[in-house]
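> how would this look folded up:
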Amino acid sequence: MVYFNTCICVILFMALSYIFAKTYQLSGYQPRLFLKSVIEFNLAFGDKNKLHWTKRMIRFLLTLFIIMCGLFFVVNYFINNIYLKVFDILLIFLCLPLLLILAHYIILPVEILIKKHFIARSTRKLKRKKIIKIGITGSYGKTSTKNILAAMLENQYKVCITPKNYNTEMGLSKTILQELDDHDIFIAEMGARHPGDIKILAKMVEPDYGIITTIGPQHLETFKSIDAIEKTKFELAEGIKENGIMVFNGDSKSTRKLFLQFKGEKYIACDKNGYAYADNVYIDENGSHFDLFLNGSKLEAKTKLLGKCNINNIVTASTLAHILGISSQDIIASIRQLEPSKHRLEILKNNYCTIIDDSYNCNVVGAKEALDVLSKFNGIKIVITPGIVELGASQSQENFKLGTMIADVADYLIIMNNVNKNEILSGAISHNFKRENIFFAESRKKQKEILEKLTSKDCVVLFENDLPDNYK
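Take a look at the predicted model:
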């Protein structure tokens, strides 16, 4: 009977731990962020983000399972009083988040060893290869610049890039071990949430070339200040190989500051006194047209990509592609063939309406850019957004601003989740947005119901950002 009761309790509590495990995974396996989500009751109840059954998650849940077995065996074996037994079971339930954190720290030494093993293997493999290595970092535009640069370089080289937004140590290791073969160039996107993150990645890759894209208030919750973000992004320049070359996106004030700080060989893009810049820019719902000035030559460029940010990404990528020997004609041809990155100002058209899918964007600059793109379209304009998170003390202010910008462009607004609801609402109303044209949806089902009532022939719908399940 003891074993039967123990099994029932363990099965029940492991099922209950699913939501906590998913929240833990969405927090990046960081106990502090996980505990913050628990305290604020921002748990991953929804179905936008599924639990990914990675090997790490399986090891973690197995550790939790062993802890549960031990606890419930003790309760069922040593405690005979039914009331005390029920009390202990309830106490274990209330302590479930703490048990997950306990499991984290028990398995942590194993995870560290596994991580070091993969990083060592991938680093050795990369060092053995005679290959051009490029690192790309920044607050915004990393993935797009990476994809654009790869498209340009593929005219002449065989290129391996980190897929999607794989920009951590394990993401780079996985790409190197599984994807890198007889390539000529390896492009590594490098992301950071904490000071020192880029330094680790740069040491791992030892890039010959580097790009720093736009820098702005991204992940302020962990970085605390723009200055800390700048120093972290500059770690790429500090980690570049001796005689390596850096390219900086000069449209960003912070990136320009880092350009001046770097003492090695360097080029600045998106600056009329730099290596490359765009002028005479015209953007409509079909794409962008501009003159690309590249190392003194004027070229006519046309692309399906929309927005000033994308043009800056193209100019920055063109700079390094040209330095690496890609001809101006091939660069222009590549620009013409570029396709939008998935969920980043991606235009989806049907016979009824146009959708601007910018759901992977989660920053202030990108949101402003998306709304500017929306303004180029004709018809009824609908914005769906949960706002922007991880902005620290400035989050309320920035979401208020987002509301004002939406009011200046859109006809209808659907606010998803509760986390930034009041700030976006207040901002929109302050710019005379009609209150009856603002709607709230806490689920995708509700969002769909509202959208079906609002959509009309030739309307334009902007999906701006999509928060994970642990934001309500």
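> Can you show me the strands along the stretch 1-150 of the chain?
132-137 (DSSP state E, counting those that start in this stretch).
> let me redo that: the stretch 301-450 of the chain
Taking DSSP E, counting those that start in this stretch to define them, one finds strands in the stretch 301-450 of the chain at 346-349, 353-358, 381-385, 412-416, 438-441.
> just the angle between the third one and strand 353-358, please?
Between the direction of strand 381-385 and that of strand 353-358, the angle (axes from the mean of the first three to the mean of the last three Cα atoms, to 10 degrees) works out to 30 degrees.
> Mind giving me the packing neighbours of strand 381-385?
Packing partners of strand 381-385 (3 or more Cβ pairs under 8 Å, 6 or more residues apart in numbering; DSSP states H and E): helix 364-375, helix 395-407, strand 412-416, helix 444-454, strand 459-464. In short, each C-beta sits where N, CA and C put it, glycine included.
> among those, which is the most enclosed?
Mean neighbour count (mean count of other Cβ atoms under 10 Å) peaks for strand 412-416 among those, with a mean of 25.
> In the stretch 201-350 of the chain, where is pLDDT below threshold?
Across the stretch 201-350 of the chain, the ranges flagged by pLDDT under 70 are 218-222.
> One more pass at 90, please.
Filtered on pLDDT under 90, the stretch 201-350 of the chain yields the residue ranges 215-228, 252, 283-287, 306-309, 339-350.
> And the stretch 51-200 of the chain, by the same measure?
Confidence mapping of the stretch 51-200 of the chain against pLDDT under 90 gives the ranges 51-52, 54-55, 68-96, 139-141, 155, 164-168, 191-195.
> try 80
Counting by pLDDT under 80, the ranges of the stretch 51-200 of the chain that qualify are 75-81, 85, 88, 164-165.
> one step back: now render the strands of the stretch 301-450 of the chain as CSV, adding distance to Ile39.
Below are the strands of the stretch 301-450 of the chain laid out as CSV (distance: least, Cβ to Cβ, whole Å):
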stretch, distance to Ile39
strand 346-349, 36
strand 353-358, 31
strand 381-385, 26
strand 412-416, 22
strand 438-441, 24
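> hang on, the earlier thing: using JSON lines, lay out the helices and strands packed on strand 381-385 together with mean pLDDT and distance to Arg128.
Formatted as JSON lines, these follow (pLDDT from 0 to 100; distance: least, Cβ to Cβ, whole Å):
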{"stretch": "helix 364-375", "mean pLDDT": "85", "distance to Arg128": "38"}
{"stretch": "helix 395-407", "mean pLDDT": "89", "distance to Arg128": "45"}
{"stretch": "strand 412-416", "mean pLDDT": "91", "distance to Arg128": "48"}
{"stretch": "helix 444-454", "mean pLDDT": "86", "distance to Arg128": "47"}
{"stretch": "strand 459-464", "mean pLDDT": "91", "distance to Arg128": "44"}
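> Can you tell me which of those is nearest to Lys22?
Relative to Lys22, the nearest member of the helices and strands packed on strand 381-385 by Cβ to Cβ is helix 444-454, separated by 16.6 Å.
> need the contact list for Lys266.
Contact partners of Lys266, counting by Cβ atoms under 8 Å, 6 or more residues apart in numbering, are Ile245, Met246, Val247, Phe248, Phe259.
> In helices, which of those appear?
Phe259 (DSSP state H).
> Show me which of the contacts of Lys266 is closest to Glu300.
Distance ranking of the contacts of Lys266 against Glu300, using Cβ to Cβ, places Val247 first at 22.6 Å.
> List the residues that contact that closest one.
Applying Cβ under 8 Å, 6+ apart, the residues near Val247 are 209-212, 266-269, 275, 316, 319-320, 323.
> one step back: what would the helices and strands packed on strand 381-385 look like in JSON lines with distance to Leu180?
Output for those, formatted as JSON lines (distance: least, Cβ to Cβ, whole Å):
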{"stretch": "helix 364-375", "distance to Leu180": "30"}
{"stretch": "helix 395-407", "distance to Leu180": "39"}
{"stretch": "strand 412-416", "distance to Leu180": "39"}
{"stretch": "helix 444-454", "distance to Leu180": "38"}
{"stretch": "strand 459-464", "distance to Leu180": "34"}
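> His194 is nearest to which of those?
Comparison of those against His194 by Cβ to Cβ identifies helix 395-407 as nearest, at 18.4 Å.
> rewinding a little: turn the contacts of Lys266 into TSV, columns for distance to Leu43.
As requested, the contacts of Lys266 are exported to TSV (distance: Cβ to Cβ, whole Å):
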residue	distance to Leu43
Ile245	47
Met246	43
Val247	42
Phe248	41
Phe259	43
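> looking at the contacts of Lys266, which has the most residues close by?
For the contacts of Lys266, the largest number of neighbours (other Cβ atoms under 10 Å) sits with Phe248, at 32 neighbours.
> separation between the residue nearest to that one when sequence neighbours are not counted and Asn249?
Excluding its sequence neighbours, the residue lying closest to Phe248 (Cβ to Cβ, 6 or more residues apart in numbering) is Phe259, at 3.9 Å. Distance, Phe259 to Asn249, using Cβ to Cβ, to the nearest Å: 9 Å.
> Find the nearest non-adjacent residue to Leu99, please.
In this structure, Leu99 finds its nearest non-sequential neighbour in Ile67, 5.9 Å apart by Cβ to Cβ, 6+ apart.
> wait, the residue nearest to Phe248 sits on Ala269?
No - contact criterion Cβ atoms under 8 Å: Phe259 and Ala269 do not qualify, at 9.7 Å.
> Give me the buried positions along stretch 71-84.
Going by neighbour count (16 or more other Cβ atoms under 10 Å), the buried part of stretch 71-84 is Leu71, Phe72, Phe73, Val75, Asn76.
> The third one - nearest residue in space that isn't next to it in sequence?
Right, the one you point to is Phe73. In space, Phe73 is closest to Thr6, 5.0 Å off (Cβ to Cβ, 6+ apart).
> Near that neighbour, how many residues? Count them for me, please.
Neighbour count for Thr6, taken as other Cβ under 10 Å: 20.
> pretty sure it is in contact with Phe72, am I right?
Yes - in this structure, Thr6 is within contact of Phe72 by Cβ under 8 Å, at 4.6 Å.
> Could you point out the longest helix of this structure?
From DSSP H, the single longest helix across the chain is helix 96-128.
> the inter-axis angle of that helix versus strand 132-137?
Helix 96-128 runs at 150 degrees relative to strand 132-137, counting by the same axes, to 10 degrees.
> Run through the neighbouring helices and strands of helix 96-128.
Using 3+ Cβ pairs under 8 Å, 6+ apart: helix 96-128 touches helix 2-26, helix 31-39, helix 55-78, helix 169-178, helix 197-205.
> if I pick Ser27, what's in contact with it?
Residues near Ser27 by Cβ under 8 Å, 6+ apart: Leu33, Phe34, Lys36, Ser37, Asn470.
> Go through these and give me the one with the most neighbours.
When neighbours are taken as other Cβ under 10 Å, the top entry among the contacts of Ser27 is Asn470 (26 neighbours).
> Was I right to think Ala103 contacts Thr63?
Yes - between Ala103 and Thr63 a contact is recorded at 4.4 Å, counting by Cβ under 8 Å.
> Between the two, which has more neighbouring residues?
Neighbour count, other Cβ under 10 Å: between Ala103 and Thr63, Ala103 has more, with 23 against 20.
> tell me the contacts of that one?
Per Cβ under 8 Å, 6+ apart, neighbours of Ala103: Phe60, Thr63, Leu64, Ile67.
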